[in-house]
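> the sequence isn't on hand, but the structure is:
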């Protein structure tokens, strides 16, 4: 899709072309299907009702993922405030990412390693593997270069491999 102003975007085409990628991105971040669906809908609503123009500095998918990331961060802050007020009633998120994995044990071990991995390695790895985004798109989301995204992803992969090998040797 070519860059156009928000008012000139074909929202139906944009929705059809990008829905699954935005949903997968949010599912990767949240590990909660219901939350991912809700935030995906909010992402497209916000994109359609945005008062500012789509400037074309990135492609539409990157723009939508940036909106989705911000909505997810807002939701996390809201949940943190809510759980601080009601700690015994904090919502429990289901870990559904292992579904369909051929080797559930390996998938679980990778997720355990990812859980403890520092940012930005954790998010870059998740965006690449689970969100299936290109390095260029990942770089744009972070406001960095494609090379930065590649290097960060490969460092994350090496950290995961090293940690898994260390656990096997214990």
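Received, thanks. Remember, it's a predicted structure, so these values are computed and weren't measured experimentally.

> and for residue 116, the neighbour number?
Using other Cβ atoms under 10 Å, residue 116 has 9 other residues around it. Yep, even glycine has a C-beta here, placed from its N, CA and C like the rest.

> could you do residue 63 as well?
Using other Cβ under 10 Å, residue 63 has 24 other residues around it.

> quick check, pLDDT for it.
Reading off the per-residue confidence, residue 63 sits at a pLDDT of 84.

> show me what the helix or strand where it lies packs onto, helices and strands only.
Applying DSSP states H and E as the criterion places residue 63 in helix 60-85. Helix 60-85 sits against helix 11-30, helix 33-49, helix 135-142, with contacts defined as 3 or more Cβ pairs under 8 Å, 6 or more residues apart in numbering; DSSP states H and E.

> which one of the ones you listed lies closest to residue 119?
Taking Cβ to Cβ as the criterion, residue 119 comes closest to helix 135-142 out of the helices and strands packed on helix 60-85, the separation being 10.1 Å.

> centre of the chain to that closest one, how far?
On the basis of Cα atoms, centre = their mean, to the nearest Å, the separation between the geometric centre of helix 135-142 and that of its chain is 11 Å.

> residues touching it, excluding its own?
With Cβ atoms under 8 Å, 6 or more residues apart in numbering as the contact definition, helix 135-142 has outside contacts at 58-59, 61-62, 65-66, 69, 120, 124, 127-128, 133, 145-150, 153.

> buried subset of those residues as a PyMOL selection?
What follows is the PyMOL syntax for the buried subset of the contacts of helix 135-142, where burial is set by 16 or more other Cβ atoms under 10 Å:
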select buried, resi 58+59+61+62+65+66+69+120+124+127+128+133+148+149+150+153
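
> where does this structure dip in pLDDT?
Across the chain, residues meeting the criterion (pLDDT under 70) sit at 1-9, 51-57, 83-107.

> how is it carved up into domains?
Residue ranges for each domain of the chain read 1-96, 97-170, as given by automatic domain parsing.

> okay, buried residues for the helix holding residue 63 please.
Applying a neighbour-count criterion of 16+ other Cβ under 10 Å, the buried positions in helix 60-85 are 60-69, 71-72, 75.

> what's the answer for stretch 163-170, then?
Neighbour-count burial for stretch 163-170 flags residue 163 (criterion: 16+ other Cβ under 10 Å).
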